[in-house]
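S.K.: Need a 3D model of the following:
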Amino acid sequence: MSHKTKRIVMGKSAAERWIRKHATPEYRVDVYPGSTDVRKLYGLLRSFRDDQYKIGSLEPVRDLGIVDHGDRLTIWSCEHVKMVKLCNYLEGRGYDTSGIW
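M.R.: Numbers count the residues shown, from 1 in each chain. Presented below is the predicted three-dimensional model:
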């Protein structure tokens, strides 16, 4: 093994350690319009995240990310339990979801 190859392997292992230490899992859900328009949901979820609006008995998801694709919303967070509850709530209100992935 050459000297250059050894440095590359050492660099990869250092990068792997850094990623494992700083990475967090992320859970995503795509929300499609069912019986209700998703454009209204975008503002509602932003207000919910910022604790300006309550949704049932759900706790706000502080790190909730929201992207509007026009025909659907993609939401994500690292809080799995809260995302499952939010997904179930949305499905109960007539929205179609991709499920958590």
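S.K.: Now stretch 72-88: buried residues?
M.R.: Buried residues in stretch 72-88, defined by neighbour count with 16 or more other CB atoms under 10 Å: Arg72, Leu73, Ile75, Trp76, Ser77, Glu79, Lys82, Met83, Lys85, Leu86, Cys87. The C-beta positions use only the backbone N, C-alpha and C, and glycine is treated the same way.
S.K.: Tell me the secondary structure of the last one, please.
M.R.: Here Cys87 takes the helix state, with states given by DSSP: H, G, I helix; E, B strand; the rest coil.
S.K.: Wait, a strand at Arg62?
M.R.: No. If the criterion is three-state DSSP, then Arg62 is coil and not within a strand.
S.K.: what's it in contact with, if anything?
M.R.: Contact analysis of Arg62 by CB atoms under 8 Å, 6 or more residues apart in numbering lists Arg49.
S.K.: I'd like the distance from it to Ser77, if you could.
M.R.: Counting by CB to CB, to the nearest Å, the separation of Arg62 from Ser77 is 8 Å.
S.K.: again with Gln52
M.R.: Distance, Gln52 to Ser77, using CB to CB: 17 Å.
S.K.: circling back: now the two most distant members of the buried residues of stretch 72-88.
M.R.: Arg72 and Glu79 (21.3 Å; CB to CB).
S.K.: Tell me what the closest residue to Asp63 other than its chain neighbours is bridged to.
M.R.: Excluding the flanking residues, the one nearest Asp63 by CB to CB, 6 or more residues apart in numbering is Ser77, at 5.2 Å. With DSSP bridges as the criterion, Ser77 is bridged to Tyr27.
S.K.: residue contacts, the spatially most central residue of the chain?
M.R.: Centroid check for the chain by CA atoms, centre = their mean gives Trp76 as the closest residue, at 1.0 Å. Taking CB under 8 Å, 6+ apart, we find Trp76 in contact with Glu26, Tyr27, Arg28, Val29, Leu64, Gly65, Met83.
S.K.: Sounds good, over and out.
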